[in-house]
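1. Would you be able to build a 3D model of this:
(chains A and B)
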Amino acid sequence: MNNFTLLLPEFLLAGLAFLVLTADFITNDERKRYLPWLAVAGLGGILAFSLIFLWGDIGSLYGGIFRIDGYALFFKAVLIVIGIFVVLSSIDYVKKNLDHPGEYYGILIFTVLGMVLLASSAELLTAYISLELLSFGLYVLVGFDRYNPKSNEASVKYMLLGAFSSALMLFGISQIYGLLGTTRFDEMARVLASLPELSPGLIVGLVLLIAGLAFKVAAVPFHMWAPDAYEGAPTPVTAYLAVGSKAAAFALMLRLFSEALIPSVGDWQIILAILAALTMTVGNLGALVQTNVKRLLAYSSIGHVGYLLLGIAALAFVRDDNTISLATTHLAANGVMLHIVAYAITNIAAFLVISVVFKNPGNEDITGLAGLGRRSPFLAMVLAASVLSLAGLPIFVGFVSKFYLFNAAATQGLLWLVGLAIFTSVISLYYYLQILRQMYVEPAEDDSPIKVSKLTLGVLGLLFAGMVFLGVYPAPLMDAIQYASDAIAVVGSSGAELAHVLD
Amino acid sequence: MITLAHFQVLAAALFAVGMYGVLSRRSPVIILMAIELMLNAVNINLIGFAAFGDFPEAHRTFGQVLVVFVITIAAAELALAVAIILRLYRNKGSANVDDVNIMKW
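-> Below is the predicted model:
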């Protein structure tokens, strides 16, 4: 029996997106400045509504292709909060640099809808459609600054490679459908567990599916679009691209790998581990030579994708005799979710500071940060805190999440990869400290203080408080994450049963 | 007699042709056409599996449903992509991916 009221938050999100779009048509220019507030109020309302309405609800819709559970609810909350922060940090930027605010916020809400659907989907076609809803919106948002050739170029590159990667992923899905007979996660796990070994066609399908997902999260060697798209996109969109699309894609990957593909972990673990190793190495080494701040943070975020992939690769413990233990799977799942949240808070703060400091879009050279410590001590403090958090230094949330994630991966037996991750983290300190050096050591060319609107101050203050609070006291967040990871089937109760089948 | 293998070989060949087109062509419009070719390879693969796949009857229609969704999404993707490429043409006076080179490394 379908209970469609469980889908109310999604319907409301779609309604809100259309409302913002229509409001843009029927209001005059004077009133258009209320549009982002309409979006924020709507998103906030939907967030509160979903938390109250769906708390503790577990359901499955349309014959199991769509799952409402604690995991989906956790990511729904995280992704809508990301949406709210991105809208808030766009307000000043959009007013100054972009036309058509209604379309901007409308498309942004559609992408939030795509992300939320992605976190709930428990079937490959649903996941693909949600991913495309997210990607289409992002192609438009990246190219939203239409008359800026850089933004347009970023959009062309992102769109062509994105479409190419969807085709790869679809071919993978078609192989999986044909050879397993199903695309539902729970049934896939059942069929996979009954197979003695994977046929070559199925391996092709799995590899193509992983390649398509790796494109979407910008894992090396599929990362070529990311630095360009990040550099060219309007800065708030860059933040969104770095944070939202990755959080959602990892929400899908975590569910896919832990619910559907876990029985064949022996086959894909090494693929993901190699992807993770390449991604963290190339991302962090690539960042060393960057002079554009947005590009530098793009490479840094590629490095972070490597750490998240490390967490996914560590979902199961594969013993030397090829038996699988799932006893500590929840550690890795928790680590990935914690790192997603930490990374989201930190990166939104960093990109918001950048969008305030750099007045002319298209020229974000790192020397533009010189003397920021004098020009605006508050902005400098927030950016310093975010880069230190990204580097994983204590008292900031990045430390807690990296520590937890690496610890989980080490428990699962991927010691060589954890060693590499710690090593690349140390390398990353070099370019993060470059940002600090520019802000506090180099003298500024123009010593005038930077004007910051009250709104930006408030948003940055919140993000900074979040970074420090969760870095010192992560317990409440960990409780929510544990609640979420209990909901993923294999990680929760049925894990022991499956392990039995495999042993 | 046509078997599943025929469908799979055709699909794989078409997919490879499309991939070659994406990687070798310089006009974004032709790259898009090559991507369409890849998506159609997916469709042929799905139809082949839906007709001859080794699974229960109930799962057969699902392959055809997938095809309909793939066609729809491909159409939407094309419309969006052409709009973005049109913008590129207006900004640059040419639509050639070799000219899309402001940002490197």
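
2. Let me see the mean pLDDT of stretch A:473-490.
-> Model confidence over stretch A:473-490, given as mean pLDDT, is 84.

3. what about stretch B:38-50 and chain A, any contact?
-> Yes. Against chain A, stretch B:38-50 shows contacts by Cβ under 8 Å from any Cβ of the partner chain at B:Met38, B:Leu39, B:Ala41, B:Val42, B:Asn45, B:Leu46, B:Gly48, B:Phe49. From N, CA and C alone the C-beta is placed, and that goes for glycine too.

4. Show the buried residues in those residues.
-> The neighbour count (16 or more other Cβ atoms under 10 Å in any protein chain shown) marks B:Met38, B:Leu39, B:Ala41, B:Val42, B:Asn45, B:Leu46, B:Gly48, B:Phe49 as buried among those.

5. Spatially nearest residue to A:Arg33, not counting backbone neighbours?
-> A:Lys95 (7.1 Å; Cβ to Cβ, 6 or more residues apart in numbering or on different chains).

6. isn't A:Ala251 right next to A:Leu118, touching?
-> Yes. With contact defined as Cβ atoms under 8 Å, A:Ala251 reaches A:Leu118; the gap is 6.2 Å.

7. Out of the residues of stretch B:38-50 next to chain A, name the ones that lie in helices.
-> Among those, the residues falling in helices (DSSP state H) are B:Met38, B:Leu39, B:Ala41, B:Val42, B:Asn45, B:Leu46, B:Gly48, B:Phe49.

8. can you redo these as TSV with distance to A:Leu88?
-> TSV is the format used below for those (distance: Cβ to Cβ, whole Å):
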residue	distance to A:Leu88
B:Met38	39
B:Leu39	38
B:Ala41	44
B:Val42	40
B:Asn45	45
B:Leu46	43
B:Gly48	50
B:Phe49	47
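
9. Which pair of the residues you listed spans the longest distance?
-> Within these, B:Met38 and B:Phe49 form the most distant pair, 16.8 Å apart (Cβ to Cβ).

10. ok so, going back, got CSV for the ones in helices among the residues of stretch B:38-50 next to chain A, with pLDDT too?
-> Below are those laid out as CSV (pLDDT from 0 to 100):
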residue, pLDDT
B:Met38, 94
B:Leu39, 94
B:Ala41, 94
B:Val42, 94
B:Asn45, 92
B:Leu46, 92
B:Gly48, 91
B:Phe49, 90
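
11. I'd guessed A:Leu326 sits against A:Ala316; true?
-> Yes. The pair A:Leu326 / A:Ala316 is scored as a contact, 5.6 Å apart, by Cβ under 8 Å.

12. Overlap in contacts, those two.
-> The overlap between the contact sets of A:Leu326 and A:Ala316 (Cβ atoms under 8 Å, 6 or more residues apart in numbering or on different chains) consists of A:Ile262.

13. quick one: which of these two has more around it?
-> A:Ala316 (28 against 22; other Cβ atoms under 10 Å in any protein chain shown).

14. Run through the residues that contact the more buried one.
-> With Cβ under 8 Å, 6+ apart, A:Ala316 has these contacts: A:Ile262, A:Val265, A:Gln269, A:Ile324, A:Ser325, A:Leu326, A:Thr329, A:Gln412.

15. Pick the one among these closest to chain B.
-> For the contacts of A:Ala316, the minimum distance to chain B (Cβ to the nearest Cβ) is 21.3 Å, reached by A:Ile262.

16. got the phi/psi numbers for A:Asn148?
-> Per-residue torsions, A:Asn148: phi -90, psi 110 (degrees, to the nearest 10).

17. count of residues packed around it?
-> By other Cβ under 10 Å, the residues close to A:Asn148 number 19.

18. A:Ala475 versus that one, what's the distance?
-> 45 Å (Cβ to Cβ, to the nearest Å).

19. just A:Phe25 next, same as before
-> Separation of A:Phe25 from A:Ala475 (Cβ to Cβ): 47 Å.

20. low-scoring pLDDT stretches of chain B, where are they?
-> Applying pLDDT under 70 to chain B flags the ranges B:105.
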